[in-house]
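A.B. asks: this one's sequence-less:
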């Protein structure tokens with residue numbers, strides 16, 4: 001018996017005709033079984049079963065027709081039967097290939113076709129989010145799409161793109177770490193790194209290296225960083241990201257600058273992502289602040305200027321600070337070697353776009369230095385002189401001025417230029433001009449201080465303050481101009497002049513008559529400034545005692561009374577005639593804050609022995625609840641000296657009330673009084689002084705404190721009974 005399967009099948013059908021129906025049913029069951037075994041969906045099973053059933057029925061009908069139909073119908077029936085047979089076999093074969101080899105379609109994941117259709121729409125959404133720098137939203141968009149299309153193959157390029165862009169622009173705020181962001185971005189990069197497409201794989205590897213670098217900033221150790229960059233360059237020698245990132249790595253690790261420059265040059269050569277490459281290069285050079293990096297920053301900025309690149313103002317400001325402040329000594333030393341003078345000046349001005357150089361002393365200085373190097377000594381000199389008042393740069397500024405004079409002897413004098421700059425539109429320049437003139441005045445240069453007087457009227461308060469300071473430092477040269485200004489009809493001018501004289505102190509004693517003349521004006525600001533001036537002149541202002549006394553007797557405002565009494569106190573013993581008025585103020589209770597009483601006590605103490613009539617009032621003040629007044633009264637009694645003999649018991653009593661650390665205040669005052677009594681040879685005071693000594697010894701005061709009292713007692717006792 002033959003074992004040919006077809007023969008066996010033919011014999012089986014001949015013996016049992018129903019077998020052919022059983023085979024049909026078996027075919028349908030096989031479709032269901034294949035569907036279930038391979039996890040196909042119901043739609044695939046239904047379509048496969050229906051197609052198989054239709055073809056089988058058609059095959060059966062035409063097989064029957066070949067035996068029963070008329071002769072002329074036999075040939076068409078045979079042809080259709082064979083066509084049906086071929087279709088059945090083709091359908092089964094394609095189903096088999098799709099199930100086991102996913103060709104011509106992947107029947108396990110029929111959604112792929114749907115995904116392929118939607119990738120374009122998803123890409124548009126993602127690109128819009130990337131353009132808005134909303135990287136988390138772009139990542140979430142792809143993540144959501146993957147929930148519906150879990151294979152991810154169609155979306156992998158898009159996912160990789162988001163990962164690379166986000167990694168290049170990632171920023172975190174503590175306590176967040178770089179790893180919190182980049183770790184979720186690495187899986188698609190590793191998948192892409194296995195791609196047979198070398199360019200895509202190289203780009204993924206480069207970004208894996210950069211992600212590892214970011215994680216190293218979190219403190220992660222032994223991560224492969226530069227190794228990934230080298231792997232990327234082996235796959236794609238022109239990969240711009242690998243070149244730029246490797247150049248960055250070489251610089252921050254203080255490796256070969258020449259090699260780093262070559263890598264950045266290769267990255268720029270591609271013409272793509274220029275902004276990223278330059279930002280990475282600048283960041284690397286600023287990462288490690290060395291002289292070499294500072295010089296290289298200037299060269300890189302020069303290249304960027306020539307290529308019409310743009311930098312944000314904040315970035316340019318940081319570069320200016322690092323190059324021309326942090327590395328200023330190196331830049332100055334190598335100025336002629338770094339760049340040609342005209343290019344360096346152009347690059348500096350490119351960095352300064354939109355930034356006011358006058359705001360920074362160092363930027364103004366370097367602009368002057370570069371102008372000088374370029375041969376524009378006139379402009380350089382003008383900037384140099386504006387910095388003469390800057391103490392930190394004065395030495396280098398003067399060196400620059402000397403060089404300019406040697407190169408261009410016809411230039412104006414520094415004083416001429418400074419005088420012109422007093423009218424500059426910039427308040428900062430005007431203030432610097434005043435400060436510059438001040439240095440000449442302080443050095444004793446023969447300059448008419450009047451040139452600075454207009455600056456006292458400047459609209460800017462800092463310029464006015466600088467002018468007042470400059471005139472006050474003039475060593476007396478400003479007295480005459482200030483006396484003249486006191487004669488102005490403008491109260492504001494009078495007040496300004498008085499404040500300058502106040503700053504000069506005793507040097508302005510020649511201005512006392514002029515100050516006294518304007519003391520009686522009604523303007524409060526002028527009166528305050530004049531009183532301050534007279535107080536600072538001190539004893540030389542004795543001519544003001546009488547007018548001040550009259551003003552005090554007229555019971556002015558509380559604030560003015562304090563100013564008047566303070567001035568009398570600073571004038572000192574020559575204010576003796578005003579003691580009754582000051583004593584009255586000491587007893588006055590109208591100042592609830594007590595300042596008037598304290599100022600009065602202080603003034604009486606500065607008048608000294610001439611204030612003897614105020615001793616009873618000062619004794620009362622010792623018992624005041626105000627924490628300041630007893631101290632001031634104690635000092636005053638000590639300064640009055642022998643005339644305050646009656647206050648010694650009260651001082652001892654006050655000392656006994658004080659805490660230990662403050663007892664020496666009263667003891668020192670008693671010592672002063674005792675010394676004055678000893679000079680007078682007043683032996684009648686021995687009893688009270690001995691009692692005071694016992695009290696001080698009982699208080700445990702040291703020899704340094706009680707020594708003057710002991711000496712006075714010893715001196716008086718040595719003078720006999």
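C.D. replies: On my side now, so go ahead. Fair warning: this is a prediction, and the values are worked out from it, not measured in the lab. Numbers count the residues shown, from 1 in each chain.

A.B. asks: pLDDT below threshold where in the stretch 51-200 of the chain?
C.D. replies: The stretch 51-200 of the chain contains residues with pLDDT under 70 at 51-78, 80-81, 84-85, 88, 92, 95, 99-102, 105-117, 149-152.

A.B. asks: now do the helices in it.
C.D. replies: Assigned by DSSP state H, counting those that start in this stretch, the helices in the stretch 51-200 of the chain fall at 71-101, 111-131, 135-148, 156-169, 178-182, 186-193, 198-217.

A.B. asks: do the stretch 601-721 of the chain as well
C.D. replies: According to DSSP H, counting those that start in this stretch, the stretch 601-721 of the chain carries its helices in the segments 615-621, 629-640, 648-657, 663-680, 686-698, 703-717.

A.B. asks: who does the longest one touch, helix- and strand-wise?
C.D. replies: This means helix 663-680. Secondary-structure packing of helix 663-680 (3 or more CB pairs under 8 Å, 6 or more residues apart in numbering; DSSP states H and E): helix 629-640, helix 648-657, helix 686-698, helix 703-717. Just so you know, the C-beta spots here come from the backbone N, C-alpha and C atoms, and that holds for glycine as well.

A.B. asks: tell me which of these is the most buried.
C.D. replies: Mean neighbours per residue, mean count of other CB atoms under 10 Å, is largest over the helices and strands packed on helix 663-680 for helix 629-640, with a mean of 26.

A.B. asks: show the average pLDDT along that helix.
C.D. replies: Averaged across helix 629-640, pLDDT comes to 95.

A.B. asks: can you put the helices of the stretch 601-721 of the chain in a markdown table and add distance to residue 179?
C.D. replies: Output for the helices of the stretch 601-721 of the chain, formatted as a markdown table (distance: least, CB to CB, whole Å):
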| stretch | distance to residue 179 |
| --- | --- |
| helix 615-621 | 72 |
| helix 629-640 | 64 |
| helix 648-657 | 68 |
| helix 663-680 | 65 |
| helix 686-698 | 73 |
| helix 703-717 | 67 |
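
A.B. asks: nearest to residue 477, out of the ones you listed?
C.D. replies: Closest to residue 477 of the helices of the stretch 601-721 of the chain, according to CB to CB: helix 629-640, at 36.1 Å.

A.B. asks: which strands and helices lie in contact with that closest one?
C.D. replies: Where contact means 3+ CB pairs under 8 Å, 6+ apart, helix 629-640 is packed against helix 595-607, helix 615-621, helix 648-657, helix 663-680.

A.B. asks: dump these to TSV, plus mean pLDDT and distance to residue 430.
C.D. replies: Shown next, in TSV, are the helices and strands packed on helix 629-640 (pLDDT from 0 to 100; distance: least, CB to CB, whole Å):
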stretch	mean pLDDT	distance to residue 430
helix 595-607	96	38
helix 615-621	95	50
helix 648-657	92	55
helix 663-680	93	49
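
A.B. asks: out of these, which is closest to residue 461?
C.D. replies: Of all those, helix 595-607 sits nearest to residue 461, with 27.3 Å by CB to CB.

A.B. asks: chain center to the closest one: distance?
C.D. replies: Mean-position distance between helix 595-607 and its chain equals 48 Å (CA atoms, centre = their mean, to the nearest Å).

A.B. asks: and it with helix 663-680, angle?
C.D. replies: 30 degrees (axes from the mean of the first three to the mean of the last three CA atoms, to 10 degrees).

A.B. asks: quick one: residues in contact with helix 595-607.
C.D. replies: With contacts defined as CB atoms under 8 Å, 6 or more residues apart in numbering, helix 595-607 is touched by 558, 561-562, 565-566, 568-570, 572-573, 575-576, 579, 582-583, 585-588, 590-591, 611, 614, 618, 621, 624, 626, 628-629, 632-633, 635-640.

A.B. asks: burial measure for residue 679, as a count.
C.D. replies: Applying other CB atoms under 10 Å, we find 12 residues neighbouring residue 679.

A.B. asks: rewinding a little: which PyMOL command selects the buried ones in the contacts of helix 595-607?
C.D. replies: Restricted to buried positions by 16 or more other CB atoms under 10 Å, the PyMOL selection for the contacts of helix 595-607 reads:
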select buried, resi 561+562+565+566+568+569+570+572+575+576+579+582+583+585+586+591+611+614+618+621+624+629+632+633+635+636+637+638+639+640
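
A.B. asks: picking up where we left off before, of the helices of the stretch 601-721 of the chain, which approaches residue 528 most closely?
C.D. replies: Of all the helices of the stretch 601-721 of the chain, the one in closest proximity to residue 528, counting by CB to CB, is helix 629-640 (22.4 Å).

A.B. asks: and for the closest one, what's in contact with it?
C.D. replies: With CB under 8 Å, 6+ apart as the test, helix 629-640 has contacts from 594, 597-598, 601-602, 604-606, 608-609, 611-612, 614-615, 618-619, 621-624, 644, 647, 651, 654, 665-666, 668-673.

A.B. asks: now do 7 Å
C.D. replies: 594, 597-598, 601-602, 604-605, 608-609, 611-612, 615, 618, 621-622, 624, 644, 647, 651, 654, 665-666, 668-669, 672-673 (CB atoms under 7 Å, 6 or more residues apart in numbering).

A.B. asks: just the buried residues from the residues you listed, in PyMOL please.
C.D. replies: Burial among the contacts of helix 629-640 is assessed by 16+ other CB under 10 Å; the matching PyMOL selection reads:
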select buried, resi 597+598+601+602+604+605+608+611+612+615+618+621+622+624+644+647+651+654+665+666+668+669+672+673
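
A.B. asks: now do the phi/psi pair for residue 626.
C.D. replies: Dihedral angles of residue 626 (phi, psi; degrees, to the nearest 10) stand at phi -70, psi 130.

A.B. asks: ok, and the closest non-adjacent residue to it?
C.D. replies: Leaving aside its chain neighbours, residue 626 sits nearest to residue 594 (4.5 Å; criterion: CB to CB, 6 or more residues apart in numbering).

A.B. asks: doesn't residue 627 make contact with that neighbour?
C.D. replies: No - contact criterion CB atoms under 7 Å: residue 594 and residue 627 do not qualify, at 9.2 Å.

A.B. asks: and the residue nearest to residue 281 when sequence neighbours are not counted, how many neighbours does it have?
C.D. replies: Nearest residue to residue 281, sequence neighbours excluded (CB to CB, 6+ apart): residue 264, at 5.1 Å. Residue 264 has 25 neighbours, counted by other CB under 10 Å.

A.B. asks: so which strand or helix has residue 264?
C.D. replies: Here residue 264 sits within helix 257-269, counting by DSSP states H and E.

A.B. asks: in that helix, what counts as buried?
C.D. replies: By neighbour count with 16+ other CB under 10 Å, helix 257-269 contains the buried residues 257, 260, 261, 263, 264, 266, 267, 268.

A.B. asks: ok, stretch 224-232 next?
C.D. replies: By 16+ other CB under 10 Å, the buried positions in stretch 224-232 come out as 225, 226, 228, 229, 231, 232.

A.B. asks: and of those, the nearest to residue 516?
C.D. replies: Looking at the buried residues of stretch 224-232 and their distance to residue 516, the nearest is residue 225, at 80.3 Å (CB to CB).
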